[in-house]
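Enquirer: Turn this into a structure:
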Amino acid sequence: MTIEGKELTLNPAYLLWDLSAVSQLKQDEDISASRFEDNEELRYSLRSIEKFAPWVRHIFIVTNGQIPSWLNLDNPRVTIVTHHDIFLNTSHLPTFSSPAIESHIHRIPGLSQKFIYMNDDVMFGTNVWPDDFYSHSKGQKVYLTWPVPNCAEGCPGSWIKDGYCDKACNNSACDWDGGDCLGNSAAGRFSPVLGGGGALNVHPWQPGVGITGVSYCNQGCANSWLADKFCDQACNVLSCGFDAGDCGQDHFGEMYKLDLYLNQTHYVIPKGESFPYFNFAGIAKKVVDGVYKDNPIVRHASIANKWKTIHLIMYPGMNATVVHFNFTFQDQNDKEFKMQIYMNVDTTEDQKRNGTTSVVEKKDVIVSTPTPEAEVLFEDIPEEKRFPKLKKHSSVNSTKLDINVLHVNVSLLPNKVQLALQELDMKLSNGDVTLKGYNLLKMVLLEPFVHLAFYSDHGLNGNKQPLKDLTGFLAKAEEETEQLVGMHTNQTGIKNEKAFQISEIKPKTDDFDRKNIKSLSKNTSPKNKLSNLDIKPPQDSNSKDTLKNGDDGGLPRRKLQQYQPRREGFLPWEKKKYFKDILDEQAALLSDLSYITNGKHVGRKLQDTFADSLRYVNKLLNSKFGFTSRKVPAHMPHMIDRIVMQDLQDLYPAEFDMTSAHKVRHSQDMQFAFSFFYYLMSAIQPLNISQVFDDIDTDGSGILSDREIRTLATRIHQLPLSLQDLTGLEHMLINCSKTLQLNSSQESVIPATQESYYDPNLPPVTKHLVINCKPVMELIRKTYKDKNKYRFEIMGEEDIAFKMIRTNVSHVVGQLDDIRKNPRKFICLNDNINHIHKDAQTVKAVLRDFYESMFPIPSQFELPREYRNRFLHMHELEEWRSYRDKLKFWTHCVLGTLIVFTVLSFFAEQLIALKRKIFPRRRTQIGASPERSKV
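Expert: Next up, the predicted model:
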């Protein structure tokens, strides 16, 4: 390349980044040394698989092409899989993002439909079997730990979409409080008394109940967490029934107890009891099965066979109703018996009014005379120093807040304000607002009439008849009231000459009042009248004495927050300032360090990437499956279904493609385990009416008999069944058969049957008739709900040991000893070591010693100690294998050629003889023509 006849010379330029210049504590987590340091966890993880999970058939190790030096590649049960083998879009490579790699592991060739995925720092501690991950009876086992971080600071998950617009949740990260702050239906958590409603049809002292607000019995405790065999501290409160028995029996005494009896089926729960529990220890050994009729008062119902109790958690503030239960008990002889129970419940409580409680009569009060104590006199201490000083507060009329709620003549106020004040007084008497709220709301209403309130206290409004000079002020104030209550319009000022005619009244006021009147007349904005009203009480001799004594008398003034004495200490070396030079040098050094640029602050990084990605996925799940509280799956081996994983990626194709394109961890990554398990638990299978019909058609004839019709009636009606329920169902089917027009092909499909119904008008109840009968379909859809597409079971943390390994040696030893004493099925030792610290090597040695103590025997996947792999990367190994295969091919060709020439050289005569023997020459015949006999 030449420019203007001159040839250009290009030299490469290199950008060097010294990671050691960045402190380990301030490094980006994606480039920290703990993410690249190898403690040979993979070696011991494979040993744990061979020892505690021998049923594993094959092991695929996914790397970026690296080969462990100790791995036995000749073992047929282990295979190295590179990123190029599983990534659909190879332009995303290379990548150092674990979520990007995880999103493709289900594409490994030869992988089974259900496989176990585990990181290299995860291992087994005891015997593990496939039913620890999946069972055919209950489905996938999901191990959950801590809750997902809040979407915003100060916005817990229980506030999202609870029917109130919460200011802390009103942002895009929380989807504008789940939609509570969108549209005209947005209402604050404390709804206003005025301004056109905002009151909710709920119990006055209960939090709002929205679409998902009922899913939480306490802040941070979802209904799904109750009775999940895990003690959640957020649920270990009375409002959640103390986690329905998951946290033990220590607090059962705080709930209402009811004993069950064999000869009693009707029970009455006292009014106001919302958290009763029932003891069945006297009638059975355990409960085999239990169902209850759907009732809006029931929040949660569960059975704790461990304590022989049945827990019922109801919503407070609900009217009286009856709850029906059907239980199947097992007695001491292992015989099962069924029992129906009816309970009358009422969770409403008498609303307590704001005010003082009634005084107990004197005759019911037992007055106890305390033993007199001897009085101790301090004669050597002055009288004024024997007791603490009491701070004297100013009177009610001297503070700025109390002036705002001064009483005014109600007859002078506009009608709208009078009605609002009456409504406010009624709410105070009913207990709907507190006294503090009453004063604040009254202050807002009387804010435009602060002038009237001020003169009322100074004698200007003491006449029985209203002053004519205040008419102009009232007109203006009425306009301001309409602006506060109704629509906000441009505010108009109040002119001094029209609003007040002080020259005609001429009240007796001092200089203090005249200054305030001038300041009030100059104010043109109603909302600033309170702030501009500067009230200073007259200072008399008493107030001067108060100030001299050091008491502020309740006056607002700035207080001293910090005081630095001249003398820095009381010790001798502090007084002599022997170490003053060192302290000054330290202060100077800190001052110089404050100007050093931190390498971490190159980009904007508010929080850790993992937490941000959890919030991101949680937001996507909220938009698809609804707002609910979620937990993070444990860091342990997970059984993944390839079909479910592919369905998830088909649901979010763009998000997973973006995750695959990230080179390092990103805040918008699709977290593998979190997204997989919550999709598995949230996916809904639509109701299949055909399947419902097949379940009821027990004989498989395709036509429902009288017995099967009764079974259908029990499914769609409440028990006990009445004659009207059965006849009503039959009439529905008869009417549908009359209106349903069946074509000839459909009529021929109806199978022949010998069923005869009690009602001769009833036609054969086929699947086609049921599906096309709208009234019956509505009843079926009302009874049968959409169920989960996949079965699952939520597990606790009892079998998981997660340890964060840091640089504190003693702490690490204690963590590892805990695992030695209490071995768990799943062990994870997360490396969070500061590898530039002086104790890092000691911690690594302690960690290696722990691994050797747990798994000392080498596995079949390791080479002997004296051997090492020749190649440490797959491309080198593949090149060598290709060269070996070519060399082998050509070597075989050359050897084959040599063998052929050797045989031809040494065995020529034998070969000729063999040829003559196999192909003999043909003999000539006598009498043949000489021409034919010529050779």
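Enquirer: what's the neighbour count on residue 902?
Expert: Applying other Cβ atoms under 10 Å, we find 10 residues neighbouring residue 902. The C-beta positions use only the backbone N, C-alpha and C, and glycine is treated the same way.
Enquirer: domain parsing for this protein?
Expert: Domains of the chain are assigned by automatic domain parsing as 149-211, 226-350, 396-542, 689-785, 875-913.
Enquirer: what are the bridge partners for residue 279, then?
Expert: Note on residue 279: beta-bridge partners by DSSP bridges are residue 259, residue 309.
Enquirer: do residue 147 as well
Expert: Under the criterion DSSP bridges, residue 147 forms beta bridges with residue 631.
Enquirer: Would you enumerate the residues in contact with it?
Expert: Contact analysis of residue 147 by Cβ atoms under 8 Å, 6 or more residues apart in numbering lists 157, 220, 629, 630, 631, 632.
Enquirer: wait, doesn't the first one sit right on residue 629?
Expert: Going back to what we said before, that points to residue 157. Yes: using Cβ atoms under 8 Å, residue 157 is in contact with residue 629, at 4.4 Å.
Enquirer: where does the residue lying closest to residue 663 once chain neighbours are set aside land in three-state SS?
Expert: In space, and not counting its chain neighbours, residue 663 is closest to residue 95: 5.4 Å by Cβ to Cβ, 6 or more residues apart in numbering. Following DSSP: H, G, I helix; E, B strand; the rest coil, residue 95 is assigned to coil.
Enquirer: Put the alpha carbons of stretch 826-833 into PDB.
Expert: Coordinates of the C-alpha atoms in stretch 826-833 are reproduced here as PDB (Å, rounded to 0.1, in the frame of the first residue of the first chain):
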ATOM      1  CA  PHE A 826     -24.800 -32.700  47.800                       C
ATOM      2  CA  ILE A 827     -21.700 -30.700  48.600                       C
ATOM      3  CA  CYS A 828     -20.600 -27.400  47.000                       C
ATOM      4  CA  LEU A 829     -17.300 -25.700  48.000                       C
ATOM      5  CA  ASN A 830     -17.500 -22.300  46.200                       C
ATOM      6  CA  ASP A 831     -14.000 -20.800  45.700                       C
ATOM      7  CA  ASN A 832     -14.000 -17.200  47.000                       C
ATOM      8  CA  ILE A 833     -10.400 -17.200  48.000                       C
END
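Enquirer: Just the buried positions in it, please.
Expert: Across stretch 826-833, burial judged by 16 or more other Cβ atoms under 10 Å covers 826, 827, 828, 829, 831, 833.
Enquirer: and of those residues, the nearest to residue 900?
Expert: Distance to residue 900, by Cβ to Cβ, is smallest for residue 831 among those, at 61.9 Å.
Enquirer: Worst mean pLDDT among the domains of the chain?
Expert: Ranked by mean pLDDT, these bottom out at domain 396-542, with a mean of 54.
Enquirer: Check which element follows the longest helix along the chain along the chain.
Expert: Counting residues, the longest helix found in the chain (DSSP state H) is helix 874-906. Using DSSP states H and E, the helix or strand that follows helix 874-906 towards the C-terminus is helix 908-918.
Enquirer: relative to helix 874-906, how tilted is that next one?
Expert: If you take axes from the mean of the first three to the mean of the last three Cα atoms, to 10 degrees, helix 908-918 sits at 80 degrees to helix 874-906.
Enquirer: Can I get helix 908-918 as PDB, trimmed to CA atoms?
Expert: C-alpha atoms of helix 908-918 as PDB (Å, rounded to 0.1, in the frame of the first residue of the first chain):
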ATOM      1  CA  ALA A 908       7.000 -67.000  -8.800                       C
ATOM      2  CA  GLU A 909       7.400 -70.700  -9.900                       C
ATOM      3  CA  GLN A 910       4.800 -71.800  -7.300                       C
ATOM      4  CA  LEU A 911       2.400 -69.200  -8.500                       C
ATOM      5  CA  ILE A 912       2.900 -70.300 -12.200                       C
ATOM      6  CA  ALA A 913       2.300 -73.900 -11.300                       C
ATOM      7  CA  LEU A 914      -0.800 -72.900  -9.300                       C
ATOM      8  CA  LYS A 915      -2.000 -70.900 -12.300                       C
ATOM      9  CA  ARG A 916      -1.500 -73.900 -14.700                       C
ATOM     10  CA  LYS A 917      -3.300 -76.100 -12.300                       C
ATOM     11  CA  ILE A 918      -6.200 -73.800 -11.900                       C
END
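Enquirer: Flag the shaky bits of the stretch 1-150 of the chain, pLDDT-wise.
Expert: Applying pLDDT under 70 to the stretch 1-150 of the chain flags residues 1, 14-36.
Enquirer: Please enumerate the strands of it.
Expert: With DSSP state E, counting those that start in this stretch as the criterion, the stretch 1-150 of the chain has strands at 2-3, 6-7, 59-63, 78-82, 114-117, 122-124, 134-135, 139-147.
Enquirer: What helix or strand is residue 814 located in?
Expert: Per DSSP H and E: residue 814 is located in helix 809-821.
Enquirer: before we move on, back to that, out of the strands of the stretch 1-150 of the chain, which comes closest to residue 284?
Expert: That would be, of the strands of the stretch 1-150 of the chain and by Cβ to Cβ, strand 134-135, which comes in at 26.3 Å.
Enquirer: Spatially central residue for the protein, please.
Expert: Geometric centre of the chain, nearest residue: residue 630, 3.2 Å, by Cα atoms, centre = their mean.
Enquirer: Grab the nearest non-local neighbour of it.
Expert: residue 148 (5.0 Å).
Enquirer: What of residue 120?
Expert: residue 42 (4.3 Å).
Enquirer: Same question for residue 252.
Expert: residue 277 (6.8 Å).
Enquirer: what does residue 240 give?
Expert: residue 217 (4.1 Å).
Enquirer: residues near that neighbour, how many?
Expert: 27.
Enquirer: pretty sure the residue nearest to the centre of the chain is touching residue 675, no?
Expert: No: applying Cβ under 8 Å as the test, residue 630 and residue 675 come out as separate, 10.7 Å apart.
Enquirer: where do the contact lists of those two overlap?
Expert: Residues touching both residue 630 and residue 675 (Cβ under 8 Å, 6+ apart): residue 621.
Enquirer: Against residue 712, how distant is residue 703?
Expert: 12 Å (Cβ to Cβ, to the nearest Å).
Enquirer: about what we covered before: out of the contacts of residue 147, which two sit at the greatest distance?
Expert: Using Cβ to Cβ, the contacts of residue 147 reach their maximum pairwise distance at 220 and 632, which is 14.1 Å.
Enquirer: Please say which of the two ends up with more neighbours.
Expert: residue 632 (20 against 16).
Enquirer: The more buried one against residue 146, yeah?
Expert: Yes: in terms of Cβ under 8 Å, residue 632 counts as a neighbour of residue 146; the distance is 5.7 Å.
Enquirer: So residue 239 versus residue 274, what's the distance?
Expert: Using Cβ to Cβ, residue 239 is found at 8 Å from residue 274.
Enquirer: got the residue ranges for the strands in the stretch 701-850 of the chain?
Expert: Remark: strands assigned in the stretch 701-850 of the chain by DSSP E, counting those that start in this stretch are 703-704, 765-766, 787-788, 792-795, 800-805, 826-831.
Enquirer: any idea which of those strands is most buried?
Expert: With neighbours defined as mean count of other Cβ atoms under 10 Å, the strands of the stretch 701-850 of the chain peak in mean count at strand 765-766, which reaches a mean of 25.
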